[in-house]
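Engineer: Would you be able to build a 3D model of this:
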Amino acid sequence: MRSLIERLHREHTLSPDELRTLLVGCDAEHLALINQKAREVAYSHFGNRIFIRGLIEIGNCCRNDCFYCGIRRSNRNVERYRLDKETILSCCAQGYELGFRTIVLQGGEDNYMTDERVVDLVSSIRKAYPDIAITLSLGEKSTEAYQAFYQAGANRYLLRHETHNEVHYQSLHPESMSLQNRLRCLYDLKKIGYQTGTGIMVGSPGQTIEHLVEDILFIETLQPEMIGIGPFLPHHDTPFASEPSGKMEQTLLLLSIFRLMHPKALIPSTTALATLAPDGRERGILAGANVVMPNLSPVWQRSKYALYDNKASMGAEAAEGLRLLEEKLDTIGYVIDKSRGDYEN
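Structural biologist: Numbering: from 1, shown residues only. Next comes the predicted model:
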C-alpha cells in the first residue's frame with residue numbers, strides 16, 4: 001500500500017487495478033500517509049494559502065427530480081424562493097467589500113431563470129466588478145447558452161457529474177435525465193474555455209468501488225480545473241431519506257487521490273464535509289483541498305437551500321464569519337487568500 005501511495009505521489013497516476021487496491025485496502029495508517037502526501041503536493045503549488053469564494057444560492061426552484069436532492073421538483077415541503085437581481089447584486093457588493101474576488105452563483109435548474117436572465121445578471125456583475133471571477137453552477141444548459149454566459153463574462157462553471165457509470169447514474173436520477181447529456185455539457189464547457197469543475201458524491205446509494213474507479217479515470221481524461229468531492233448526505237424528503245451518509249474517511253481518501261493525480265487543481269473542502277463533522281472542513285484541507293466557499297446568500301434564505309439535512313451555512317461557513325474561518329485555518333497552519341485564485345497551467 002505504501003508503495004502505491006509513493007508511486008501515485010511521484011507519477012500522478014495508477015492503473016485501474018492499483019486504484020481498486022488503494023480504495024479497498026487503505027487503512028487508517030495509510031490514509032494518514034496519503035493525506036500527508038496530498039498536503040505536501042498542495043503546499044508545493046499553493047503554499048499555505050486557501051482561496052475563498054463567495055457562494056450566492058440564487059434560488060431553490062428546480063425542474064429536475066434527482067432522488068438524492070432536497071430541492072427536487074417533487075418535494076412539496078420545501079419553501080421555494082428566488083433571489084431577484086437587486087438582491088444578488090447586493091450580495092455581490094457585500095462580498096466585494098469583504099474582500100472576495102470570486103463570486104459563485106448556484107441554483108436549481110429553474111425554468112424562470114432563462115438564458116437571457118442569466119446573461120443579464122452575469123453582464124451586470126461583470127460591469128460592476130471587472131476584476132472578479134464569476135463562477136456559475138446552474139446545471140445543464142445548451143451549448144449556445146454556455147457560450148452566451150461565457151461571452152457575458154462568466155469565467156468558471158461547476159457541474160458535478162456525480163457518477164460516470166450509466167446504470168448508477170440512472171439509479172440516482174429520473175428518466176428525463178441522462179449521463180450522456182451531463183457529459184456533453186462538461187465537454188462543451190471545456191471547449192468554450194471555462195475553468196470547468198466536476199466531481200462526485202462519495203457514498204451515494206448503490207455506489208461501488210468499480211464506480212469510483214470509473215469516476216477517477218473519467219476525471220483523469222477530462223482534466224477539469226476544479227474537482228468537487230463531497231460525501232452523500234441524505235435529505236428527509238427524498239427517496240433516499242433512510243440511506244446512510246457517505247464516510248468521512250473514504251471522502252478524504254478520494255480527495256487526496258485527486259490532489260495527487262491533479263496537483264494544480266482547485267479542490268474545495270466542501271460544506272458537506274463541514275456538515276458531516278465539525279472539523280470536516282479542516283480535515284479536507286489537511287487532505288489536499290485548497291478552496292473554501294463561505295455563504296454570501298441572505299441569512300434568512302440559507303436554510304431553504306437544503307440539498308441535504310442539517311447543511312452548515314453559518315459560523316465559519318458564512319461570509320460574515322470570515323474572522324472565525326481565519327482562526328480555524330490558523331489552528332492548522334493556513335491563511336485565507338482573497339485573490340481570484342484562478343487555475344494556473
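
Engineer: Please make it C-alpha for all contacts and neighbour counts, starting now.
Structural biologist: Fine.

Engineer: Show the subsequent helix or strand relative to the longest helix anywhere in the chain.
Structural biologist: In the chain, assigned by DSSP state H, the helix with the most residues is helix 28-46. With elements assigned by DSSP states H and E, the helix or strand that comes after helix 28-46 is strand 49-52.

Engineer: which helices and strands sit right next to that next one?
Structural biologist: Other elements packing on strand 49-52 under the criterion 3 or more CA pairs under 8 Å, 6 or more residues apart in numbering; DSSP states H and E are strand 291-292, strand 335-337.

Engineer: The most centrally placed residue in the chain and residue 258, how far apart?
Structural biologist: In the chain, the centroid-proximal residue (CA atoms, centre = their mean) is residue 228; its distance is 3.7 Å. Distance, residue 228 to residue 258, by CA to CA, to the nearest Å: 10 Å.

Engineer: And for residue 42?
Structural biologist: As for residue 42, its distance to residue 258 is 11 Å (criterion: CA to CA).

Engineer: Those two - which one has more neighbours?
Structural biologist: Using other CA atoms under 10 Å as the criterion, residue 42 and residue 258 rank with residue 42 on top: 28 against 25.

Engineer: pretty sure the more buried one contacts residue 290?
Structural biologist: Yes: applying CA atoms under 8 Å, one finds residue 42 in contact with residue 290, separated by 7.2 Å.

Engineer: now residue 131, nearest residue through space, not along the chain?
Structural biologist: Closest residue to residue 131 apart from its sequence neighbours, by CA to CA, 6 or more residues apart in numbering: residue 101 at 7.3 Å.

Engineer: Name the stretch among the helices and strands packed on strand 49-52 that sits most buried.
Structural biologist: By mean neighbour count, with neighbours taken as mean count of other CA atoms under 10 Å, strand 291-292 ranks first of those at a mean of 24.

Engineer: And whichever helix or strand comes after that strand, what's buried?
Structural biologist: Helices and strands here follow DSSP H and E; after strand 291-292, the next one along the chain is helix 322-331. Residues 322, 325, 328, 329 are the ones in helix 322-331 that count as buried (16 or more other CA atoms under 10 Å).

Engineer: Quick one: list the elements packing against helix 322-331.
Structural biologist: strand 335-337.

Engineer: ok, residues contacting the strand it packs on?
Structural biologist: Outside strand 335-337, the residues that touch it by CA atoms under 8 Å, 6 or more residues apart in numbering are 48, 49, 50, 51, 52, 326, 329.

Engineer: Any idea which of the residues you listed the model trusts least?
Structural biologist: The lowest pLDDT within these belongs to residue 326, with 91.

Engineer: In CSV: the helices and strands packed on strand 49-52, plus distance to residue 172 and mean pLDDT.
Structural biologist: Below are the helices and strands packed on strand 49-52 laid out as CSV (distance: least, CA to CA, whole Å; pLDDT from 0 to 100):
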stretch, distance to residue 172, mean pLDDT
strand 291-292, 27, 96
strand 335-337, 36, 96
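
Engineer: so how far is residue 211 from residue 169?
Structural biologist: Distance, residue 169 to residue 211, using CA to CA: 10 Å.

Engineer: Touching both of these two, which residues are there?
Structural biologist: Common contact partners of residue 169 and residue 211 (CA under 8 Å, 6+ apart): residue 163.

Engineer: all helices of the stretch 51-200 of the chain, in order?
Structural biologist: Along the stretch 51-200 of the chain, counting by DSSP state H, counting those that start in this stretch, helices occupy 85-98, 115-128, 143-152, 166-172, 179-192.

Engineer: Let me have these in JSON lines, adding mean pLDDT as columns.
Structural biologist: Below are those laid out as JSON lines (pLDDT from 0 to 100):
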{"stretch": "helix 85-98", "mean pLDDT": "95"}
{"stretch": "helix 115-128", "mean pLDDT": "98"}
{"stretch": "helix 143-152", "mean pLDDT": "98"}
{"stretch": "helix 166-172", "mean pLDDT": "98"}
{"stretch": "helix 179-192", "mean pLDDT": "98"}
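
Engineer: hang on, the earlier thing: for residue 197, find the nearest of the helices and strands packed on strand 49-52.
Structural biologist: With respect to residue 197, and counting by CA to CA, the nearest of the helices and strands packed on strand 49-52 is strand 291-292 at 12.6 Å.

Engineer: got the contact list for that closest one?
Structural biologist: 50, 51, 52, 53, 266, 267, 268, 269, 270.

Engineer: before we move on, back to that, beta-bridge partners for the residue nearest to the centre of the chain, please?
Structural biologist: On the basis of DSSP bridges, residue 228 takes part in beta bridges with residue 199.

Engineer: Local confidence estimate at it?
Structural biologist: 96.

Engineer: Test my guess that it contacts residue 159.
Structural biologist: No: checked against CA under 8 Å, the pair residue 228 and residue 159 is beyond contact range at 9.0 Å.

Engineer: just to revisit the earlier point, just list the residues touching the residue nearest to residue 131, thanks.
Structural biologist: By CA under 8 Å, 6+ apart, the residues touching residue 101 are 53, 95, 131, 132, 133, 338, 339, 340.

Engineer: Of these, which is the nearest to residue 254?
Structural biologist: Distances from residue 254 to the contacts of residue 101, taken as CA to CA, are shortest for residue 53 (22.2 Å).

Engineer: Was I right to think the closest one contacts residue 293?
Structural biologist: Yes: if you go by CA under 8 Å, residue 53 and residue 293 touch, sitting 4.6 Å apart.
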